[in-house]
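1. Show me how the following folds:
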Amino acid sequence: MTIALSTPGVGQLDEAVGAVREWQREAAPMQLHSGDLGWNYRFGTDETAAAVRTWSRDGRILAVGMLDSPTVLRMTVAPDAFRDEELARRLAEDMILPERGVLPAGPVGIEAPVGLLLHDLLTDEGWGVDEPWTPLFRDLTEPVEDPGVRIESIGPDHAHLFAEVMRSAFNNSTFTPERWHAMAAGAPYTDARCLGAYDDRGNLVAVVTAWSAGPGRPGLIEPMGAHQDHRGRGFGTAITVAAAAALREMGSSGARVCTPSSNVGGVATYKAAGYRAMPEIRDRIRAAQGLSPG
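-> Below you'll find the predicted structure:
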């Protein structure tokens with residue numbers, strides 16, 4: 001059967017999320033997670049659906065991509081299709097040719113798991129690599145230690161406080177309480193928790209969202225941030241430990257997170273919270289329009 005590229009409607013979005021969820025494996029490289037899609041729901045269900053691309057053969061989804069921006073695609077592939085030549089060639093064509101509606105002409109980037117045959121084809125087309133990212137992983141076989149600070153779940157009544165910490169933690173963040181509610185209304189949030197760390201004066205000082213992919217699969221932390229007025233006091237480490245505990249309670253086999261390697265402080269925080277750094281990964285980038293694969 002021919003591989004079909006599609007942009008799912010709102011009614012088909014759950015199928016794409018479900019496929020990505022099922023593909024999560026501890027032994028798999030860092031890849032697009034159902035929590036990444038869940039975090040995108042902050043923009044609303046319609047916009048999330050519009051950002052998703054699926055590749056299917058004979059009715060089965062083999063690959064899912066999500067546009068993080070108009071020029072950056074994050075994607076992953078079914079575990080048994082990493083070296084599928086037909087799929088790899090179709091993916092390469094769809095990503096190279098602007099008329100396919102995946103990526104525009106000019107400079108673009110693709111985040112794809114290590115080991116995909118797609119990487120070989122992009123290399124043949126002259127694509128390069130971007131700055132390194134550091135994936136980190138914490139095994140959740142054993143109980144998680146106490147984070148040492150007050151931790152509480154963040155619900156609708158405290159969405160404004162979550163948003164305030166997010167905007168402080170990330171300089172370019174436009175996160176609002178309305179976006180929290182949109183995220184929480186998405187289907188992936190059924191298996192997620194927002195947590196907050198509080199100081200001894202009762203101030204919310206750090207937040208995190210922990211996304212489960214189901215029992216026995218690794219979960220994801222996306223995002224984690226500490227208020228800029230309370231940095232350097234261990235709250236980032238504490239909330240990251242709390243996220244691991246929450247994922248373990250939800251049945252996750254491990255906790256994953258990924259951050260730019262240049263974010264030295266962030267890498268150090270995750271390591272302090274018991275996460276082990278894995279080999280660096282890099283996005284694939286095209287500085288200019290490439291040629292069509294033969």
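
2. Let me see the ranges of the strands in the stretch 101-250 of the chain.
-> Using DSSP state E, counting those that start in this stretch, the strands of the stretch 101-250 of the chain run over 108-111, 128-139, 150-153, 192-198, 204-211, 218-226.

3. what's in contact with the second one?
-> With CB atoms under 8 Å, 6 or more residues apart in numbering as the contact definition, strand 128-139 has outside contacts at 26, 29-30, 109, 218, 244, 253-262, 267, 270-271, 273-287. C-betas here are computed from N, CA, C, even on glycine.

4. before we move on, back to that, tabulate the strands of the stretch 101-250 of the chain (TSV), appending distance to residue 67 and mean pLDDT.
-> Below are the strands of the stretch 101-250 of the chain laid out as TSV (distance: least, CB to CB, whole Å; pLDDT from 0 to 100):
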stretch	distance to residue 67	mean pLDDT
strand 108-111	10	98
strand 128-139	16	97
strand 150-153	31	98
strand 192-198	21	98
strand 204-211	19	98
strand 218-226	16	96
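
5. Need the winner for burial among those strands.
-> strand 204-211 (a mean of 26; mean count of other CB atoms under 10 Å).

6. to the chain's geometric centre, what's the distance from that one?
-> Its chain's average C-alpha position is 15 Å from that of strand 204-211, according to CA atoms, centre = their mean, to the nearest Å.

7. re the thing from before, from the contacts of strand 128-139, which land in strands?
-> If you go by DSSP state E, the contacts of strand 128-139 have 109, 218, 254-260, 276-277, 281-286 in strands.

8. most centrally placed residue in the protein?
-> Nearest to the mean C-alpha position of the chain, by CA atoms, centre = their mean, lies residue 36 at 3.3 Å.

9. Hmm, residue 219 and that one touching each other?
-> No - here residue 36 lies out of contact with residue 219, judged by CB atoms under 8 Å, at a distance of 11.8 Å.
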